[in-house]
Every structure is written in C-alpha cells, then in structure tokens.
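Visitor: Here is my input; please provide its structure:
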Amino acid sequence: MAVILRSATRSPRAGMAAALGAQSGLCVHLALAVAGLSVVLARYPEALTAIRVAGGLYLLYLGGRLILPTLRRTDTASTAPGDDVSTRSAFGQGLFTNVLNPKAVLFFAAVLPQFLVVGGAPTWLQVIALGVLDILLGFLAWAAVVALGVRLSGVLRRQQVRHWWDRITGGVLGGVGGGLIATR
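Guide: Numbering: from 1, shown residues only. You can find the predicted model right below:
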C-alpha cells in the first residue's frame, strides 16, 4: 500500500501504474497456485523463506531510495528528488513488491484453497475464479488509495513536507523489510 500511495502522491497516472503492477504481481501468484505452488511449498519450505528474505531486501532497498535523497542538502525549494517517478518505474515497484510479498504467496497457497468446494468445478477452475475475484476487488481498494494519494499531493508539494513524508514512508518500508528478514 505504501508503494502505491507514494506513487499516487507523485501523479495519478503513477499511482494507477503501481496499482496495476501490484495486481499483476497477484496474477503471478495466481498462476503459481493453479500450477500447484502449495505442494511445492509443503515439500520445500525454504522456498517461502527465500521469497520472504528477497521481499525484505527489496523493501529495504525501496526505503533507502526514499530516505537517502532527503538527507542531502539542497538550495532549491521547488520539488523533492524523485518527483518525476515514471509510470514504468511505479508499475515495476508495485509488481516486484507483490511478487516478493510472502503474504500473497501464503494467501494463494494456504488461504484460498480453504474456499474450494469438493465435488464442484475442477479445482484449477475454482482457484482461477477465486483468484480473479480477489484481483478485481483489489482494484477497488487501490482506487481509494490512489484517490487519497492524489489529495495528499497538494500538501506534499512543499519540499520540507515531502522530505518528511519520504522519510516516514521509507522508514515504514525499511522497517517492514527488516522485519521480514528477521522473522523466522
């Protein structure tokens, strides 16, 4: 959510690109679930550990990219570094944040299967239907986050406010990333 909200404060287009990237990441998890990811994770739990650590490292990287530019002294009072985030960059951040999100892996591998109906449609079809529903409903939530980000962007035009916003957001991303790495 922090990645999408941050992108939306840069521009509505970047916010929607980050949301589309996040939901594309869920499509990757859906495809893996249909292919039998839960069987792989049950047999090789270290695969989930690798995803968790990679996700934590990526969040630390994103947090550092937000915080470091705010620590440099600048003489301009215009905009903060990184305001020109491209839609491609925002999409990539949303995508990789969700692809490397261990909660998404667990949702598609452990939670979603609990809603399958034995004796109903083929299992793979039920997984696809439930996964697509989750992905589509996610767009509604992301639309609200993007709308919030767009409203915040007016306040964040001031460089000092933007620096503090980036420091706090970077700290949250880094804290979550560090927590993922430290968790056993």
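Visitor: Point out where the protein drops to low pLDDT.
Guide: Along the chain, segments meeting pLDDT under 70 span 73-84.
Visitor: So which residues of it form helices?
Guide: With DSSP state H as the criterion, the chain has helices at 2-10, 12-34, 37-43, 45-71, 87-99, 102-106, 123-153, 159-182.
Visitor: so of the ones you listed, which one's packed in deepest?
Guide: helix 2-10 (a mean of 25; mean count of other Cβ atoms under 10 Å). C-betas here are computed from N, CA, C, even on glycine.
Visitor: Nearest spatial neighbour of residue 55, chain-adjacent residues omitted?
Guide: residue 100 (3.5 Å; Cβ to Cβ, 6 or more residues apart in numbering).
Visitor: same check, this time on residue 177
Guide: Counting by Cβ to Cβ, 6+ apart, residue 177 lies nearest to residue 59, which is 3.0 Å off, once chain neighbours are set aside.
Visitor: now residue 163: how far from residue 33?
Guide: For residue 163, the distance to residue 33 equals 41 Å [Cβ to Cβ, to the nearest Å].
Visitor: no no, residue 139
Guide: 19 Å.
Visitor: repeat for residue 144
Guide: On the measure of Cβ to Cβ, residue 144 and residue 33 end up 26 Å apart.
Visitor: number of nearby residues for residue 35?
Guide: For residue 35, the neighbour count with other Cβ atoms under 10 Å is 11.
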